[in-house]
Every structure is written in C-alpha cells, then in structure tokens.
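> give me coordinates for this.
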Amino acid sequence: MKILIKSIDHGIWDAIVNETYTPKCVVEKKQLDQPWTEWTMEERRRAQYDCNVKNILISSLNIDEFFRVSQCKSAKDMWDVLEVTHDGANDVKRARNHALIQEYELFNMY
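This next block holds a predicted model:
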C-alpha cells in the first residue's frame, strides 16, 4: 500500500508521515490556525492531501477495517491504526522475529 500511495503523489505520502497540514498565523504572540478563507491556493493544495489519503484508504478497506479507522481525525492516525493492526507494534514485531529465529535454529538442529 505504501508504494501505491507514493506512486500517486509524494505530497500524499507526506500527509501520512507528517500529519495534516494546517496553515498557522500569529495573533498577539500566539500561534493559531489560520482561517480557511485566508489560505493561499498552495496551502489549500497541501491541506487537500490529507483528504486524498483518507479517501484512498477508506476506498481500499473492508467493512471491519473501515470501522477501526472511522473515528480517526487525520490520515496519519488512520495509517498508524492500520499499521499496528497488520504489522503489530514494534515490540510485537521483535517478539515475532525472535520466535521465527528460534524456530529456524531448532529446525536446523534436526
């Protein structure tokens, strides 16, 4: 899936890696989200990538996976949920690799 998304547009993959793009403005020394009506065309295009990724992901999911990610606010959140669901957390991956190595070593002994 990663290769498919990257092949569509690198900006789309960037939306997954770097979270949703939201233009900021400084008001009274505080950084706030800029109102949508003040966004430039470039800022709107960058923000649209998140919507594109969500559309791609939702279109490719079955109903069970859809319900897993339906409450996610951003494409990055959706991707993270799907990644943990299908690949497991890092400690699970390490444990799985360790178990496979042990199984291979036992197989070589016979």
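
> and the contacts of the helix or strand where residue 51 lies?
Assigned by DSSP states H and E, residue 51 belongs to helix 41-60. The contact list for helix 41-60 (C-beta atoms under 8 Å, 6 or more residues apart in numbering) reads 1, 4-5, 8-9, 11-12, 14-16, 20-23, 34, 39, 66, 69, 74-75, 78-79, 82. The C-beta positions use only the backbone N, C-alpha and C, and glycine is treated the same way.

> same thing but 10 Å
1, 4-5, 8-16, 18-23, 34, 36, 39-40, 65-66, 69-70, 72-79, 81-82 (C-beta atoms under 10 Å, 6 or more residues apart in numbering).

> filter the residues you listed down to the ones in helices?
Cross-referencing the contacts of helix 41-60 against helices under DSSP state H gives 4-5, 8, 10-16, 18, 65-66, 69, 75-79, 81-82.

> quick revisit: type out the ChimeraX command that picks the buried ones from the contacts of helix 41-60.
Those of the contacts of helix 41-60 that count as buried under 16 or more other C-beta atoms under 10 Å are selected in ChimeraX with:
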select :5,12,13,14,15,16,20,21,23,34,65,69,72,75,76,77,78,79,81,82
